[in-house]
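1. Here's a sequence, model it:
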Amino acid sequence: MAALTTTPDENEKSKTEMKRKYTLLNAEIIDGWCRRGWEWAIPISHEVYEEARRGNFRLLLTPTRPVPREWFGELRGKRVLALASGGGQQGPLLAAQGAEVTVMDLSEEQLRRERHVRDREKYPVRIVCADMSERFPFGDGEFDLIVHPVANVYVHDVRHVWRECFRVLKPGGLLMAGLDNGINFIADEDGCRIENALPIDPLADEALYRRGIETNSGCQFSHTAEEQIAGQLKAGFVLLDLYEDTNGSGRLHDMNIPTFWATLARKR
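-> Predicted coordinates:
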């Protein structure tokens, strides 16, 4: 029997279909993680919210190290976008400080948890379901601050994210971002062996795309320092500070190998 082949047109159609659907696929997979108790989908408790109202809070952009308090300044009255930040973790802490918070996420389950904390604590928040790989549904210069925990691994074109962050921030506005530095992508699941070459790009490798579906890990991308940090600079930001963090558990963590960065940048 002759082997089945695909034409160039069919190959292009397949690639286009992947690009069209990958963010929705990721949202559906994250919804499933949330229902199974994913740690980044566990809303803060009433006690943690009340403590934050008294000025005592730890906000995470990466697994273990909290954002330095001096990065925030005075939050009361500030217009804050919690970008790809559903789950009822960062948004409520910001609202407890008196910020005018907008939470944007593509996962309905993450947003449901955001509504749960809002309804429990009775604070105002704008909750928006939107895809950060597309134009953000906000006006130019709408925000004073963007808080963006690690989520760029689910987006192919991270430079687009930085350009949109720059657009929706007012002049002098701040961007706080948690970033995966790529090391987790090269190691096996236990962090014991180097198994994968970089970059990891499921839109350029259909086998990677299919494996992400089969393993329920979604369509994830490694990004370079040029994309993550230089990308912010090229979008027009000035880098003010950064720190590193580990996974919080596992062999790479035990060996104190940084797998994440967090950056503070200001719009010129």
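2. right, and Thr62 touches Phe260 too?
-> Yes. Between Thr62 and Phe260 there is a contact at 4.0 Å, judged by Cβ atoms under 8 Å. No exception for glycine: its C-beta is placed from N, CA and C like everyone else's.
3. so where is the stretch 101-250 of the chain shaky, pLDDT-wise?
-> Of all residues in the stretch 101-250 of the chain, none has pLDDT under 70.
4. the helices in it, which residues?
-> All helices of the stretch 101-250 of the chain, identified by DSSP state H, counting those that start in this stretch, fall at 108-121, 158-168, 183-186, 206-214, 225, 231-235.
5. Let's have these in JSON lines, adding mean neighbour count.
-> Shown next, in JSON lines, are the helices of the stretch 101-250 of the chain (neighbours: other Cβ atoms under 10 Å):
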{"stretch": "helix 108-121", "mean neighbour count": "19"}
{"stretch": "helix 158-168", "mean neighbour count": "21"}
{"stretch": "helix 183-186", "mean neighbour count": "18"}
{"stretch": "helix 206-214", "mean neighbour count": "14"}
{"stretch": "helix 225", "mean neighbour count": "12"}
{"stretch": "helix 231-235", "mean neighbour count": "18"}
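6. of all these, which lies closest to Ala151?
-> Nearest to Ala151 among those is helix 158-168; the distance by Cβ to Cβ comes to 8.9 Å.
7. I'd like to know which elements that closest one is packed against.
-> strand 143-148, helix 231-235 (3 or more Cβ pairs under 8 Å, 6 or more residues apart in numbering; DSSP states H and E).
8. so Val80 sits in a helix?
-> No. The assignment for Val80 (DSSP: H, G, I helix; E, B strand; the rest coil) gives strand, which keeps it out of a helix.
9. begin at 85 from here
-> Let's use 85 as the start, then, which means that last one is Val164.
10. That one: neighbouring residues, count only.
-> Counted by other Cβ atoms under 10 Å, the residues lying close to Val164 total 27.
11. if we can go back for a sec, can you check which of the helices of the stretch 185-334 of the chain gets nearest to Gly334?
-> Of all the helices of the stretch 185-334 of the chain, helix 267-270 comes closest under Cβ to Cβ, at 9.3 Å.
12. Using TSV, please lay out the helices and strands packed on helix 242-252 together with distance to Gly262.
-> TSV is the format used below for the helices and strands packed on helix 242-252 (distance: least, Cβ to Cβ, whole Å):
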stretch	distance to Gly262
strand 227-232	7
helix 315-319	13
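13. Would you map the strands across the stretch 85-234 of the chain?
-> 163-167, 184-189, 210-213, 227-232 (DSSP state E, counting those that start in this stretch).
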